[in-house]
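[1] the sequence and its predicted three-dimensional model are supplied below.
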Amino acid sequence: MNYAIILAGGKGVRFEGNIPKQFVELMGEPLLVYSMKTAQENDNVDAICVVSPKEYYDRVRTWADKYHITKLLFVAEAGRERYQSVHSGLKSLPARADDTVIIMTAVCPFVSQLTVDKLYKAMETKDACITVVKATDAITFSNNGESVLRTLQKKKLFIQQGPQLFRYGILEQAYKAYLSDENRTEVNEDSELVLNIGVECGMVMGDRFCIKVTYPEDLAIVEALYPLFIKQEAKIGERM
């Protein structure tokens, strides 16, 4: 089985809205619905789990009915931190070790079907794979935000996007190791946990349409890009 976990548990503090950003509307549909549709329409995905605050459970199921998301089989409770939400989603699945789980976010509405397909293709030889785009600028590292510790050149740098795809047993093992470590430090990506247990993580190229909605102005950006994204997806569909 190939499961999709869609993270919809953030509070959207930087978004400055009255409701969490993953539930605000983009062109008449909640942001979350775009990710649900992506998983629904991809032939590789068998079942969907949405991780959200409990008070949104009914709305998630209502949207699934309204937008014909028939693969939504599970709804899990979001945690305070991202890793807690992912772990909650993992625990809700009746998955086996060899099954796969693709981690998506509700605030990246434009994920190409081609990107998802490339991830599943890579999993024919990998147990973990992430989506990236090439860095277009050099990256400066600083410990205190005031002075430069190191500047990294862009040639070998990649910016991580979503989704991420893992063998269920590998990701479960990575979380078990992380949660049992009393001296664990903050992590933001599941790929880091997988690398920490010595599992090689592959990567595929995503695209620039996969913008994360973080600030209010991002809604205007993704809305402007929508016609171009749909045009791209139509061309991909014609080639398949």
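    Now that the structure is in, tell me what you want to look at.

[2] spatially central residue in the chain, please.
    Nearest residue to the geometric centre of the chain (Cα atoms, centre = their mean): Met104, 2.5 Å.

[3] output the contacting helices and strands for the longest helix along the chain.
    Using DSSP state H to define each element, the chain has its longest helix at helix 216-239. Packed against helix 216-239, as judged by 3 or more Cβ pairs under 8 Å, 6 or more residues apart in numbering; DSSP states H and E, are the following elements: strand 25-26, helix 113-122. To be clear about C-beta, it is placed using only N, CA and C from the backbone, and glycine gets the same treatment.

[4] hey, least reliable of these by pLDDT?
    Mean pLDDT per stretch puts strand 25-26 lowest among those, at a mean of 91.

[5] Gly162 and Ile103 touch, don't they?
    Yes: the criterion here is Cβ atoms under 8 Å, and Gly162 meets it with Ile103 at 6.9 Å.

[6] who has more neighbours, these two?
    Ile103 (25 against 22; other Cβ atoms under 10 Å).

[7] so what's the gap between the longest helix of the chain and the chain middle?
    Relative to its chain's centre, helix 216-239 lies at 18 Å (Cα atoms, centre = their mean, to the nearest Å).

[8] tell me the pLDDT at the residue at the greatest distance from the centre of the chain?
    Centroid-distance maximum for the chain: Ser147 at 32.1 Å, with Cα atoms, centre = their mean. Looking at Ser147, its pLDDT stands at 92.

[9] look up how far Val33 lies from it.
    Relative to Val33, Ser147 is positioned 44 Å away (Cβ to Cβ, to the nearest Å).

[10] can you map out the helices along this structure?
    Under the criterion DSSP H, helices of the chain are mapped to 31-41, 57-66, 82-92, 113-122, 168-179, 190-196, 216-239.

[11] I'd like to know which of the ones you listed lies nearest to Leu157.
    With Cβ to Cβ, the closest approach to Leu157 among the helices of the chain belongs to helix 190-196: 15.1 Å.

[12] and that closest one, average pLDDT?
    Mean per-residue pLDDT for helix 190-196: 96.

[13] swap in stretch 205-221?
    90.

[14] quick one: distance of it to the chain centre.
    Worked out by Cα atoms, centre = their mean, stretch 205-221 lies 13 Å from the chain centre.

[15] which one's the longest strand in this protein?
    Identified as the longest strand of the chain according to DSSP state E is strand 158-167.

[16] just give me how far it sits from the chain centre.
    7 Å.

[17] what's it in contact with?
    97-105, 108, 111, 115-116, 119-120, 122-123, 127-135, 189-191, 194, 203, 206, 210 (Cβ atoms under 8 Å, 6 or more residues apart in numbering).
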